[in-house]
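K.L.:
no sequence on hand, only this structure:
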Ligand code: FES
């Protein structure tokens with residue numbers, strides 16, 4: 001792995017661990033909110049598909065995020081209580097899966113591939129261009145709340161690197177001009 005990439009991944013890992021421990025502490029200080037009927041209904045459905053509540057935890061996090069946009073401490077506690085799971089264990093699951101958002105995110109979440117094929121195809125240059133354009137780095141949200149930028153391991157489309165997702169849309173063969181067009185496209189949707 002190129003040195004700069006290895007160093008950056010190590011830095012991200014360290015930051016994640018610090019955030020995780022602070023989140024666990026924060027979670028225990030807050031009260032659970034009431035899950036909505038829709039959330040409970042969806043979680044109950046998942047319970048019919050898995051052998052135990054431990055296995056349902058990740059799906060429950062996804063369900064709550066789908067309805068709420070992110071998973072607050074209060075939501076995490078609510079899920080833990082509802083499924084009778086340890087808060088620390090559920091926090092561990094939420095932290096491990098970087099598509100579970102433990103902070104509010106923007107209207108459009110950009111998942112920028114941070115893996116080797118995209119890196120070799122100058123993905124770092126494109127990411128820097130995107131960061132400069134939006135004035136945000138990984139883990140940050142634009143001031144207008146339109147975009148959140150998150151690194152993600154291989155998106156499975158290495159032949160078309162560099163690659164990123166915006167919401168559910170995959171964008172391939174990224175160029176600086178392409179980034180301009182893609183960002184305009186999402187800004188126009190919001191206008
Ligand atoms: S490395 Fe980027 S899509 Fe595979």
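P.N.:
Alright, I've got the coordinates. Predicted model, so just to flag it, every value in this text is computed and none were measured.
K.L.:
show me how the record splits this structure into domains.
P.N.:
Domain assignment for the chain, taken from automatic domain parsing, gives 16-96, 108-190.
K.L.:
mind checking which of these is nearest the ligand?
P.N.:
Nearest of the domains of the chain to the ligand, taken as CB to the nearest ligand atom: domain 108-190 at 3.4 Å. For every residue, glycine as well, the C-beta is placed using N, CA and C.
K.L.:
distance between the ends of that closest one?
P.N.:
Taking CA to CA, to the nearest Å, domain 108-190 runs 10 Å from one end to the other.
K.L.:
also stretch 104-111?
P.N.:
End to end - CA to CA - stretch 104-111 spans 15 Å.
K.L.:
buried ones in that stretch?
P.N.:
Residues 105, 106, 107, 108, 109, 110, 111 are the ones in stretch 104-111 that count as buried (16 or more other CB atoms under 10 Å).
K.L.:
follow-up on the earlier one: where among the domains of the chain is the average confidence lowest?
P.N.:
Note on the domains of the chain: domain 16-96 shows the lowest mean pLDDT, a mean of 86.
K.L.:
quick one: residue 149 is in a strand?
P.N.:
Yes. Under DSSP: H, G, I helix; E, B strand; the rest coil, residue 149 falls within a strand.
K.L.:
dump the buried residues of stretch 104-111 to a markdown table, plus secondary structure.
P.N.:
Output for these, formatted as a markdown table (three-state DSSP):
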| residue | secondary structure |
| --- | --- |
| 105 | coil |
| 106 | coil |
| 107 | coil |
| 108 | strand |
| 109 | strand |
| 110 | strand |
| 111 | strand |
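K.L.:
interface residues of the protein facing the ligand?
P.N.:
Within reach of the ligand by CB under 6 Å from any ligand atom, the chain has these residues: 113, 115, 116, 117, 118, 154, 155, 156, 157, 158, 161, 163.
K.L.:
filter the residues you listed down to the buried ones, ChimeraX style.
P.N.:
To isolate the buried ones among those in ChimeraX, judged by 16+ other CB under 10 Å, type:
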select :113,115,116,117,118,155,157,158,161,163
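K.L.:
before we move on, back to that, state the pair within the buried residues of stretch 104-111 that is farthest apart.
P.N.:
Farthest apart among the buried residues of stretch 104-111 by CB to CB are 107 and 111. That separation is 14.4 Å.
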